[in-house]
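K.L.:
Next comes the sequence, and after it the predicted model I'd like to discuss.
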Amino acid sequence: MKIATWNVNSLTVRLPQVLAWLEANPVDALGLQELKLTDDKFPHMAFEEAGYQAVSHGQKTYNGVAWITRGAASEVVRNIPGLDDEQARIIAATVDAPGGPIRLINGYFVNGQAPGSDKFAYKMRWLEALHHWVQSEMAKHPRLVLVGDFNVAPEDRDSFDPVGLKDTIHHTVEERQHFQNLLQLGLTDAFRMFEQPEKSYSWWDYRMLGFQKNRGLRIDHILVSEALKSSVSACTVDRAPRKNQQPSDHAPVVLTLG
């Protein structure tokens, strides 16, 4: 089974690229972030014609998340229960899989803008609420995968310039501690279960030849619960879509189970 995550930075713009990628990479579940469209504009028919089903949680212009799945998705939850949040950032669903159902949580984590800002304070509140909710989800669903654009570079090796960017957004002690708190729930960073090339990133700035110079960050992650850890056989970043014309600034991350 393959599960992937991809911040597409506008599904309206990137839909042909997503469909082409799915044709070349027939994953079982794909979590998308930054749809930037409302649910009534979601291209269900296009995915159905490609052999997939979709559940979405969108909003106009900003944010938005979706699961694209081979089989039917059930127990769908949109946003963090109990958190008063107008922004469409979370979608969770359960899918059937070999060995039993898997709970899939897909998040477009808050960017935070800058330490000390109101948006950073919002990020801290959001991450705290996420932690408690994921903990409760894991109690109900031992086979769980959390994917998305976390907007956190967990370690110095996940940044092209850890010294120059020290204590800036995505690199702060507070953000990295929240990432560690998720791991302490019993989740594992699937990408780091394997030897990876040095300077492996999932996002590159559009400006200043960021991708060409590999000035990137690893901020797109897939975390797996203990019940699934032994079945993880690979986790990779697919850099190919970042070479497209009009690409997203993120690349897909792909998890293989079994």
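P.N.:
Looks like it came in fine.
K.L.:
Quick check on the residue lying closest to Val110 once chain neighbours are set aside: phi, psi?
P.N.:
Leaving aside its chain neighbours, Val110 sits nearest to Lys123 (3.9 Å; criterion: Cβ to Cβ, 6 or more residues apart in numbering). Where you see a C-beta, it was placed from the backbone N, CA and C, and this is true even at glycine. Comment: the main-chain dihedrals of Lys123 come out as phi -60, psi -40, following degrees, to the nearest 10.
K.L.:
ditto for Arg176
P.N.:
phi -70, psi -30.
K.L.:
so how far is Asp156 from it?
P.N.:
10 Å (Cβ to Cβ, to the nearest Å).
K.L.:
Val8 too?
P.N.:
Here the distance between Val8 and Asp156 works out to 28 Å (Cβ to Cβ).
K.L.:
Of those two, which one has the most company?
P.N.:
Val8 (26 against 13; other Cβ atoms under 10 Å).
K.L.:
That one is in contact with Pro252, isn't it?
P.N.:
No. The criterion here is Cβ atoms under 8 Å, and Val8 misses it with Pro252 at 9.2 Å.
K.L.:
tell me the contacts of the closest residue to Asp39 other than its chain neighbours?
P.N.:
With sequence-adjacent residues excluded and distances taken as Cβ to Cβ, 6+ apart, Asp39 is closest to Gly58, at 4.9 Å. The neighbours of Gly58, taking Cβ atoms under 8 Å, 6 or more residues apart in numbering as the test, are 35-39, 41-42, 64-66, 88.
K.L.:
Next, Lys166: secondary structure please.
P.N.:
Reducing the assignment at Lys166 to three states with DSSP: H, G, I helix; E, B strand; the rest coil gives coil.
K.L.:
List the residues that contact Gln180.
P.N.:
The neighbourhood of Gln180, defined by Cβ under 8 Å, 6+ apart, consists of Pro154.
K.L.:
Which residues lie in contact with the residue nearest to the spatial centre of the chain in this structure?
P.N.:
Central residue check for the chain by Cα atoms, centre = their mean: the C-alpha nearest the mean position is that of Gly148, 1.1 Å away. Residues in contact with Gly148 (Cβ under 8 Å, 6+ apart) are 5, 7, 31, 33, 65, 105-109, 220-221.
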